[in-house]
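Student: Turn this into a structure:
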Amino acid sequence: MRNDVDAIEFVETPELQAEGEPRVEAPAVTAPPIQSRFLFVDVAAQRAKQLRRGARPRVAVPTEGPFKLERVAMNEVTCGLVDYTLPSARSSTGEGVA
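Tutor: Numbering: from 1, shown residues only. The predicted structure follows:
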């Protein structure tokens, strides 16, 4: 059985620029809003994993006090800053059914 969470692919978009770096314009088109709460959780979890591995946030991060990267990832998904593609639907030909 294929895990659809692992099949979600992310499309790279420009990250927020740190101070002193040249400004790169963000794309004018944002990702469509996610209607399924399950898809929202899957996309946000994958983005949080990227943030934990060192990806730079695409939204402003609080400078004071503790913050969780999961919340940052959810804010990015809500703002439409995380592009994603879904796996193609499986055909209903009955292949692989015993």
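Student: can you pull the buried residues of the longest helix along the chain?
Tutor: Longest helix in the chain by number of residues (criterion: DSSP state H): helix 37-52. Buried residues in helix 37-52, defined by neighbour count with 16 or more other Cβ atoms under 10 Å: Leu39, Asp42, Val43, Ala44, Gln46, Arg47, Ala48, Gln50, Leu51. The way it works is simple: take the backbone N, C-alpha and C, and place the C-beta from them, glycine included.
Student: now do stretch 71-86
Tutor: Val72, Ala73, Met74, Asn75, Glu76, Val77, Leu81, Val82, Asp83, Tyr84.
Student: In helices, which of those fall?
Tutor: Per DSSP H, helices hold the following members of the buried residues of stretch 71-86: Val72, Ala73, Met74, Asn75, Glu76, Val77.
Student: Would you mind measuring from the second one to Ala55?
Tutor: Taking Cβ to Cβ, to the nearest Å as the measure, Ala73 and Ala55 are separated by 10 Å.
Student: what residues are shared contacts of those two?
Tutor: Common contacts of Ala73 and Ala55 (Cβ atoms under 8 Å, 6 or more residues apart in numbering): Arg47.
Student: which stretches of the protein have low pLDDT?
Tutor: 1-29, 91-98 (pLDDT under 70).
Student: which residues in it form strands?
Tutor: Using DSSP state E, the strands of the chain run over 9-11, 83-85.
Student: ok, back up a step: so what secondary structure elements neighbour the longest helix of the chain?
Tutor: If contacts are counted by 3 or more Cβ pairs under 8 Å, 6 or more residues apart in numbering; DSSP states H and E, helix 37-52 sits against helix 4-7, strand 9-11, helix 69-78.
Student: could you redo the last one with a cut-off of 7 Å?
Tutor: When contacts are defined as 3 or more Cβ pairs under 7 Å, 6 or more residues apart in numbering; DSSP states H and E, helix 37-52 packs onto helix 69-78.
Student: Cool, thanks, talk later.
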